[in-house]
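**Student:** Sequence first, then the predicted structure:
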Amino acid sequence: MMETGGLLRRQFLRGSLTTIAAAAVVSGCRPGGARTAGAGPHVGTESEKPMKTLTVGEGRYRGRTNVAIQQAVDDVAAAGGGTVVVGPGTYAMHDALHLRSGVRVVGRDGAVLKKVPSVQSAIPDYLGYGHYEVTVREPDKFPVGTGVHIMDDDAGGFYTTVATVVGREGDRLFINRMLNHDYAANRHARVISVYPMIEAEGVCGAAVEDLAIDGNSGEESFMLNGCRGGGVFLIGSERIALRNLQVGHYRGDGISFQQSSDILLERCHVHHNVGTGLHPGSGSVRYIMQDNRVLDNGGCGIFYCLRTTHSVCRRNEVRGNGAAGISVGERDTDHLVEKNVVVGNGEEGILFRSPNRQGGDRVIVVANQVGPNATKKAAAEVRVEAGLSDVHVLDNTIVPGPGGAVWIGKGCRNVSLAGNTVGGRDQQPGDLAGEGAAEALRERPARLPDVGPAALPANGARHLNRASLDPWDEQAMWQWKG
C-alpha cells in the first residue's frame, strides 16, 4: 500500500498546478513560466484586481516548518499572485521553500529559515536515468515531503539529483523530479536529505526579501554542490529579485543561479558559507549583483562559472573569502565590474582563469578597490591568464599583497591598464608582471566594448531555449505590482 503523506503530498500536487496558474498572469510569462512574446518586463500581474497577501503565523498558516510557508506560497499562486509575509521566528526546513511565479515572499524582523541536519541511506539497487523512483535501505528516514539529494561516486555537478519525496511504497521512494543519471550501488549510491533553503525552478517573476537563512553548517555534515543547490538556488528561471537576504553557514554556496536570466541580487549579506559566496553560472545572462556584502565564505567571493554573460557587479564588499575575491572563467564575457571593495581574500583579488578556448573576454574592471589580498598564498591582485582579450583594468585603487599588483599571461590581446593607482602612487611599468606584461596597453582605449545587460542582443538567450528576451529596462525589470 502506498503512503501518500497526507498534507505534504496534497500540497506538492497542488503546488505543481498552482505554479502553472500563477505563471499565466505574471507579466511576460506563459503557463509554466515561459516567456510571452512582446510582453512587458515587470514582475507582477497584468490584472487590475488586488493582489493577495497572506501571513505565515496566522490562521491556517501557523507552524514553524517549511510546510506552513509553502502552503501560503502555493495558495497565493493559486489566487493569481501576491505576497506572502513570513512572521518572526525560526522555521525548520525539511525541504526547500519552492518559489512560484507571481509570488513575493517577505520576511518580518527575526524570520529565519534553518536547515535541519541531514540523514542519509545507501541505495541497494541500480537506478536508471529518467526514473522517478529510488530504493533505499532505510526508507523511514525520509518521510513524504523531505528534500533529498541522490548521487554516487561517479555523479557530480548537474549529474546529481535534488528532489522532494512525494510517496513511498515499502523501500521505494517516489520523487517529483526524474533522476539525472544512472546510480549504482557499487559506486556507493546514496540518498542524503540536503537541498537549497530557497529554490526556484522554471519560475518567471518572483521575489524574496528580508529573510535570514541559516544553513546550520555546524550540525550539517554534507556539502551540496553549487550546480544543484545553495542557500538560495535558481535554475531555469527569470526575473527573480533577491533583496536584503542574510544567507549564512550553508554547507555549499551562498547564492547560486544557473541557466537563468534577468536576476537581481541586491543588498544581501552572504557570509560564512562553506562554498562560494555568489555563483552565477551555466549560461545565465542579464543579471545585476549590487550593494551586497560577501564575507568570509570558504571558496571564492564571486565565482562566474561557465558561459555566463552580460552582467553588472557593482558596489559589493567582497572580503575575507577563502579563494579569489572575484573569479571569471570559461566564456564568461561582457561583464562590468565596478566600484567594488575586494580586500582580504585568500588568493587573487580579481582572477581571470585560464580558458580552454575562450575565457572572460570583453570585461571592464573599473574604479574598484583591490587589495591587499592573497592572505593564504602569494598571488597578484589582478591576474589575467594567457590568451584572453579585451580585458580593461581602469581607474582602480590597487594595494598589492605578497603576489604583486598585476600579472598578465602570454598571448593576451587588447588588454589595457590605465588610470590605476598602485600602493598610493600612479601605476608604473614595474607593477605589471608575467609573459604578457610587455604587450599590455598602458593607455586608455579610445572606445571600450559594450558590456552589461543592455548589450545582450534580443536573441542572446537562445542557448537557454528562449527565442527572445524583452528589451532591457533596469528601472522596471523587478518592480513589483501589488
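**Tutor:** Ah, there it is.
**Student:** Next one: Val159 from Asn180, what distance?
**Tutor:** To be clear, residue 159 is Tyr; Val isn't right here. Separation of Tyr159 from Asn180 (Cβ to Cβ, to the nearest Å) stands at 6 Å. Where C-beta positions appear, they are placed from N, C-alpha and C, glycine not excepted.
**Student:** Leu179 contacts His131, doesn't it?
**Tutor:** Yes - using Cβ atoms under 8 Å, Leu179 is in contact with His131, at 5.2 Å.
**Student:** Between these two, point out the one with more neighbours.
**Tutor:** Leu179 (21 against 14; other Cβ atoms under 10 Å).
**Student:** For that one, which three-state class applies?
**Tutor:** Classification of Leu179 using DSSP: H, G, I helix; E, B strand; the rest coil returns coil.
**Student:** Could you check the pLDDT of it?
**Tutor:** Leu179 is assigned 97 on the pLDDT scale.
**Student:** helix or strand for the residue most central in space within the chain, which one?
**Tutor:** Nearest residue to the geometric centre of the chain (Cα atoms, centre = their mean): Ser256, 1.9 Å. Using DSSP states H and E, Ser256 falls within strand 255-258.
**Student:** quick one, domains of the chain?
**Tutor:** Domain segmentation of the chain under automatic domain parsing yields 6-42+51-115, 120-192, 335-447.
**Student:** so can I have a markdown table of these showing distance to Ala241?
**Tutor:** Output for these, formatted as a markdown table (distance: least, Cβ to Cβ, whole Å):
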| stretch | distance to Ala241 |
| --- | --- |
| domain 6-42+51-115 | 8 |
| domain 120-192 | 23 |
| domain 335-447 | 19 |
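**Student:** and of those, who's closest to Ser261?
**Tutor:** domain 6-42+51-115 (9.5 Å; Cβ to Cβ).
**Student:** number of nearby residues for the closest residue to the residue nearest to the centre of the chain other than its chain neighbours?
**Tutor:** Spatially, and ignoring its direct neighbours in sequence, Ser256 is nearest to Gly230 (3.6 Å; Cβ to Cβ, 6 or more residues apart in numbering). Residues near Gly230, counting by other Cβ under 10 Å, number 32.
**Student:** you'd agree Gly230 is up against Ile255?
**Tutor:** Yes - assessed by Cβ under 8 Å, Gly230 is found in contact with Ile255 at 5.7 Å.
**Student:** so what's in contact with the two at the same time?
**Tutor:** Shared contacts of Gly230 and Ile255 (Cβ atoms under 8 Å, 6 or more residues apart in numbering): His279.
**Student:** for the residue nearest to Ser256, helix, strand, or coil?
**Tutor:** coil.
**Student:** which stretches of the chain aren't confidently modelled?
**Tutor:** When residues are selected by pLDDT under 70, those of the chain lie in 1-50, 481-482.
**Student:** mind listing the helices in it by residue range?
**Tutor:** 6-23, 66-78 (DSSP state H).
**Student:** How far away from the center of its chain is the shortest one?
**Tutor:** The one in question is helix 66-78. Chain-centre distance of helix 66-78: 22 Å, with Cα atoms, centre = their mean, to the nearest Å.
**Student:** now for that helix, which elements pack on it?
**Tutor:** helix 6-23, strand 52-56, strand 82-86, strand 89-93, strand 97-98, strand 103-107 (3 or more Cβ pairs under 8 Å, 6 or more residues apart in numbering; DSSP states H and E).
**Student:** switch the cut-off to 10 Å
**Tutor:** For helix 66-78, the packing partners by 3 or more Cβ pairs under 10 Å, 6 or more residues apart in numbering; DSSP states H and E come out as helix 6-23, strand 52-56, strand 82-86, strand 89-93, strand 97-98, strand 103-107, strand 111-115.
**Student:** Can I get that helix in PDB, CA atoms only?
**Tutor:** Provided in PDB are the C-alpha atoms of helix 66-78 (Å, rounded to 0.1, in the frame of the first residue of the first chain):
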ATOM      1  CA  ASN A  66       8.700  24.900   5.700                       C
ATOM      2  CA  VAL A  67       5.200  23.400   5.400                       C
ATOM      3  CA  ALA A  68       3.400  26.500   6.600                       C
ATOM      4  CA  ILE A  69       5.300  28.800   4.300                       C
ATOM      5  CA  GLN A  70       5.000  26.600   1.300                       C
ATOM      6  CA  GLN A  71       1.200  26.300   1.800                       C
ATOM      7  CA  ALA A  72       0.900  30.100   1.900                       C
ATOM      8  CA  VAL A  73       3.100  30.500  -1.200                       C
ATOM      9  CA  ASP A  74       1.000  27.900  -3.100                       C
ATOM     10  CA  ASP A  75      -2.300  29.500  -2.100                       C
ATOM     11  CA  VAL A  76      -1.200  32.900  -3.200                       C
ATOM     12  CA  ALA A  77       0.000  31.500  -6.500                       C
ATOM     13  CA  ALA A  78      -3.400  29.800  -7.000                       C
END
